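no sequence on this one, just coordinates:
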């Protein structure tokens, strides 16, 4: 019962925030004008609506991916964007831009997904060799691993004077979102919806390899599917809006603290909560220094770090 | 054996320095020697500060994988600097003599470091991993806050702080060189005098207490020294994430024993070799194609993972 009311509450909150997001911006726009003034309608259709949709999709997809990654790695303190998947995607885009500058967006997307997948598999292989008794070692390794790939990206970019380019991929920012420039994110939305179909299998995989094989799960297949979903979402987010940290980390933690790990029941909550968090951060970033903007990644860096510290100290010891 | 590794490293460092000073030197020798000499001095100072700071921090946190910069020390320095520019404006900031700015920053950094990491270290037998993670998150928080404040600052004022957010070895703040040299030397001497107490501290909290060491006080002293060394190196060249880890790990690998009397000079020598040698190769052979800091971070990250996977977490 409590969960249903939470879903309704979060859905209503997301809708309100999305409505606010539609009417916050440099050009003041009142709800009454939208359907009378054709210019206002155009503005809504070209800029405000795409931006709001992109924010909602990115937030929901990243939060769900964070939840799945935490299940697959069996650790509560990791998220795809900082654990090498995001940096892997950036590396992939960089390679495409350098080697095949004329490649279509689909080629770009596939290569970025492939490199993201590679670096996630690499991370998983390293994590398997870590001692299971030290759950907090995993996020440390994740950050170092992400840092190495990030240094690789900077190295390549420096050789070809592309530092400014990669800056737009590594720092998430919704200000460039317009009609025609964000539609790829719908694939991420589709991917996120598909994970819901096999949510039960991810939840079982979260019990560990032996337990899930005993329960008749094709463990390796679920692993690959999960990593694929994470990589696609990470690659698409990095291509369209840039890396957004912390959503995939704190939202799943908050949700599973309150509602447990039954993914079929909690994934909608995770998605809604992620969408509202990114919406709030984006609105703060737009309002605080209007008419200029502070990128959503920076706002989330501050908000997310504070929430994470709280999670770290509020959680009883040894609960990983 | 003891003298051998130190001797070899000293010889290598001398060779690196000579090459750095003389390779492809054309034109007026007075200018070349002065210009490169200042750079060389700064590189050596930074090497010694970073390696010693890392060594001390690893001893007081009883762990061979942490470094002050992983724990967010240099990010804190950059944040203090940025907040200073934000509150008093670039004009007022540039008006102040750099020595005053540096000292104020230093005092603030030492205070903040004692407050944050002193309390973390003070929790005896506390969950070490949690402390590490807290430090890393502090680092993220400081960096995000810095970039947040940077966005609020005028672009023209931003130029004042830009230098502190990236490691740079090609342009070095020469006006701070003398001050840094004096400070670093004094701090290093203090560290050297503490070397035996540090050895005892490395045995573990219980053992050190049994042997009559005031553990908490010694940790705070070491933390102050670490903060000073980090401030000096960050002010001179900016943050270098993995340099300390890299050189201290190498020093531990080749050192015949694990005493601080051995490790402090050895890791400083290795840091000098890495910085001066690396900079020489980048400047003269590779034609400045890559920032040294990126290479160090890349290699250092690999060293970290390799150490972790081979030896495990102790």
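Sure, I can see it. Quick caveat: nothing in here was measured; it's all calculated off a predicted structure.

CA atoms for contacts and neighbours, from now on please.
Noted.

tell me the gap between stretch A:248-264 and the middle of its chain.
15 Å (Cα atoms, centre = their mean, to the nearest Å).

any stretches of the stretch 1-150 of chain A with poor pLDDT?
In the predicted model, the stretch 1-150 of chain A carries pLDDT under 70 at residues A:1, A:136.

how about the residues of it near chain B?
A:126, A:129-131, A:134, A:136-137, A:139-141, A:144-145, A:147-149 (Cα under 8 Å from any Cα of the partner chain).

which of the residues you listed count as buried?
Among these, those buried by neighbour count (16 or more other Cα atoms under 10 Å in any protein chain shown) are A:126, A:130, A:136, A:137, A:139, A:140, A:141, A:144, A:145, A:147, A:148, A:149.

do you know how far the last one is from residue A:81?
Noted for residue A:149: a distance of 12 Å to residue A:81, by Cα to Cα, to the nearest Å.

what residues are shared contacts of the two?
residue A:87 (Cα atoms under 8 Å, 6 or more residues apart in numbering or on different chains).

tell me the centre residue of the chain?
Answering for chain A, as no chain was given. Among the residues of chain A, the one closest to the centroid is residue A:62, at 2.3 Å (Cα atoms, centre = their mean).

wrong chain, I was asking about chain B
residue B:50 (2.6 Å).

which strand or helix spans the nearest residue to that residue once chain neighbours are set aside?
Once flanking residues are discounted, residue B:50 sits nearest to residue B:244: 5.4 Å by Cα to Cα, 6 or more residues apart in numbering or on different chains. If you go by DSSP states H and E, residue B:244 is part of helix B:243-254.

so which bits of that helix are buried?
Applying 16+ other Cα under 10 Å to helix B:243-254 flags B:243, B:244, B:245, B:246, B:247, B:248, B:249, B:250, B:251, B:252 as buried.

contacting residues for the fourth one?
For residue B:246, the contacting residues are B:299, B:300, B:303, B:304, taking Cα under 8 Å, 6+ apart as the criterion.

pLDDT check: weakest of the residues you listed?
The weakest per-residue confidence within those falls on residue B:304 (74).

burial count for that residue?
Residue B:304 sits with 20 neighbouring residues when counted by other Cα atoms under 10 Å in any protein chain shown.

pretty sure it contacts residue B:66?
No: judged on Cα atoms under 8 Å, residue B:304 makes no contact with residue B:66 at a distance of 9.6 Å.

so for stretch A:311-320, mean pLDDT?
Mean predicted lDDT for stretch A:311-320 stands at 59.

name the helix or strand for the most far-flung residue of chain A relative to its centre, please.
Computed with Cα atoms, centre = their mean, the residue of chain A farthest from its C-alpha average is residue A:36, at 36.6 Å. In this structure, residue A:36 sits in neither a helix nor a strand according to DSSP H and E.

same thing with the one 4 residues further on?
Assigning secondary structure by DSSP H and E places residue A:40 in helix A:38-43.

for the next helix or strand after that helix, which helices and strands make contact with it?
Counting by DSSP H and E, the element after helix A:38-43 in chain order, helix or strand, is helix A:49-73. Here helix A:49-73 touches helix A:2-22, helix A:185-197, helix A:199-205, helix A:219-240, helix A:247-259, helix A:263-287, going by 3 or more Cα pairs under 8 Å, 6 or more residues apart in numbering or on different chains; DSSP states H and E.

name the SS class of residue A:75, please.
coil (DSSP: H, G, I helix; E, B strand; the rest coil).

backbone dihedrals for it, please?
phi -150, psi 140 (degrees, to the nearest 10).

gap between it and residue A:128?
As judged by Cα to Cα, residue A:75 and residue A:128 stand 11 Å apart.

and these two? Which one has more around it.
residue A:75 (21 against 11).

distance of the more buried one from residue A:213?
19 Å.

residue contacts, residue A:89?
By Cα under 8 Å, 6+ apart, the contact list for residue A:89 reads A:112, A:113, A:114, A:115, A:116, A:231, A:234, A:235, A:238.

again, 7 Å this time
A:112, A:113, A:115, A:116, A:234, A:235, A:238 (Cα atoms under 7 Å, 6 or more residues apart in numbering or on different chains).

can you pick the most crowded of these?
residue A:235 (35 neighbours).

burial measure for residue A:222, as a count.
17.

separation between it and chain B?
26 Å (Cα to the nearest Cα, to the nearest Å).

what is the neighbour count of residue 264?
You didn't say which chain, so I picked chain A. Neighbours of residue A:264 (other Cα under 10 Å): 17.

looking at chain B here, not the other one
There are 23 residues near residue B:264, going by other Cα under 10 Å.

surely it and residue B:52 touch.
Yes: between residue B:264 and residue B:52 there is a contact under Cα atoms under 7 Å: 6.1 Å.

where's the helix or strand harbouring residue B:265 relative to the chain centroid, distance-wise?
Element membership for residue B:265 (DSSP H and E) is helix B:260-272. Taking Cα atoms, centre = their mean, one finds the center of helix B:260-272 at 13 Å from the center of the full chain.

what's the mean pLDDT across it?
89.

what's it in contact with?
Residues contacting helix B:260-272 (Cα under 7 Å, 6+ apart): B:6, B:9-10, B:13, B:44, B:47-48, B:51-52, B:195, B:198-199, B:247-248, B:251, B:255.

now stretch B:192-202
Residues contacting stretch B:192-202 (Cα under 7 Å, 6+ apart): B:59, B:60, B:62, B:208, B:259, B:260, B:261.

thinking again about what came up before, tell me which of the buried ones among the residues of the stretch 1-150 of chain A next to chain B fall in helices.
Secondary structure from DSSP state H places A:126, A:137, A:139, A:140, A:141, A:144, A:145, A:147, A:148, A:149 of these in helices.
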